[in-house]
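> Model the following, please.
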Amino acid sequence: MIKINPTILLKGLWWEGYALDLHTVESKFEGFDLNEREKYNTTRTPLGELLYRYKYKHDLSVKDEIVAVAANYITSIWRLNPKINLVIPVPPYTEIAGFQPVHDLAVNIGQKIKVPVGTEVISKFKQLNDMPSVHNYEARTGILKGAFAVKTAETQGKNILVFDDLYRSGATMIAVTNALREQGKANKVYVLALTKTRVKT
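Numbering: from 1, shown residues only. Take a look at the predicted model:
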């Protein structure tokens with residue numbers, strides 16, 4: 001199993017939250033390509049590299065390793081199980097037919113730790129297609145305000161683990177947590193991200 005750095009505390013509206021590692025070690029600017037786009041030489045952490053291969057290269061061979069690392073952290077290091085009743089993946093900004101990496105990983109992690117996964121417990125009130133290109137925290141928070149609806153019957157009184165692959169500014173996690181607490185009447189909300197960006201944006 002790959003080595004991770006599970007000491008990254010995530011602060012927010014949730015009861016407790018962590019990222020398993022940083023996403024990148026460094027990223028050096030190398031100039032521009034023929035289309036005048038910026039080029040970077042990026043070095044990722046071991047988990048960051050696996051996530052990059054899975055999410056952007058659709059390399060399914062690394063999925064089991066990612067799931068094993070996350071499940072081991074939840075059960076053996078964080079010892080969150082059996083404190084949680086439900087795992088909920090963060091809804092995707094855009095719908096990609098046939099491949100939803102966060103949902104897919106959450107389902108497999110839930111199976112590994114023997115906790116139900118609610119992939120349809122949270123839905124979007126509005127489209128969030130522009131979110132990946134917005135990096136300012138305040139702007140992201142504004143876009144996400146009132147963006148999510150919760151099936152309260154499935155979350156009321158429960159301890160929930162919200163799962164995402166990459167933690168950037170925290171705006172999405174905060175919006176989802178707020179929806180689970182206010183609409184969903186959840187008891188406690190925990191959050192887990194596989195990786196975190198080096199700089200809050």
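
> Endpoint to endpoint, stretch 8-27 covers what distance?
20 Å (C-alpha to C-alpha, to the nearest Å).

> Now do the buried residues in that stretch.
Applying a neighbour-count criterion of 16 or more other C-beta atoms under 10 Å, one finds 8, 10, 12-24 buried in stretch 8-27. Quick note: C-beta positions are derived from backbone N, CA and C, even for glycine.

> any idea which of these is closest to Tyr52?
When those are compared for distance to Tyr52 (C-beta to C-beta), His23 wins out at 8.1 Å.

> Residue ranges in this structure under the pLDDT threshold?
For the chain, the stretches with pLDDT under 70 are 93-98, 125-146, 199-201.

> Now do the strands in it.
For the chain, the strands defined by DSSP state E cover 8-9, 16-22, 24-32, 38-44, 86-89, 122-124, 148-150, 159-167, 188-196.

> Identify the bridge partners of Leu161.
Val87, Tyr190 (DSSP bridges).

> Using JSON lines, lay out the strands of the chain together with distance to Ala179.
Listed next are those as JSON lines, based on distance: least, C-beta to C-beta, whole Å:
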{"stretch": "strand 8-9", "distance to Ala179": "22"}
{"stretch": "strand 16-22", "distance to Ala179": "16"}
{"stretch": "strand 24-32", "distance to Ala179": "29"}
{"stretch": "strand 38-44", "distance to Ala179": "31"}
{"stretch": "strand 86-89", "distance to Ala179": "10"}
{"stretch": "strand 122-124", "distance to Ala179": "7"}
{"stretch": "strand 148-150", "distance to Ala179": "4"}
{"stretch": "strand 159-167", "distance to Ala179": "10"}
{"stretch": "strand 188-196", "distance to Ala179": "10"}
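
> Greatest separation within the buried residues of stretch 8-27: which pair is it?
Trp15 and Thr24 (28.1 Å).

> looking at the strands of the chain, which is closest to Leu105?
Of all the strands of the chain, strand 159-167 comes closest under C-beta to C-beta, at 6.7 Å.

> Give me the spatial nearest neighbour of the residue nearest to the spatial centre of the chain, chain neighbours excluded.
When C-alpha atoms, centre = their mean is applied to the chain, the residue found nearest the centroid is Asp164 (1.1 Å). For Asp164, ignoring the flanking residues on the chain, the nearest one in space by C-beta to C-beta, 6 or more residues apart in numbering is Val90 at 4.2 Å.

> residues contacting the one you found?
Applying C-beta atoms under 8 Å, 6 or more residues apart in numbering, we find Val90 in contact with 102, 162-164, 172-173, 176.

> Ala68 too?
Contacts of Ala68 by C-beta under 8 Å, 6+ apart are 1, 112.

> Next one: it from Ala179, what distance?
Ala68 sits 30 Å away from Ala179, going by C-beta to C-beta, to the nearest Å.

> Thank you, goodbye.
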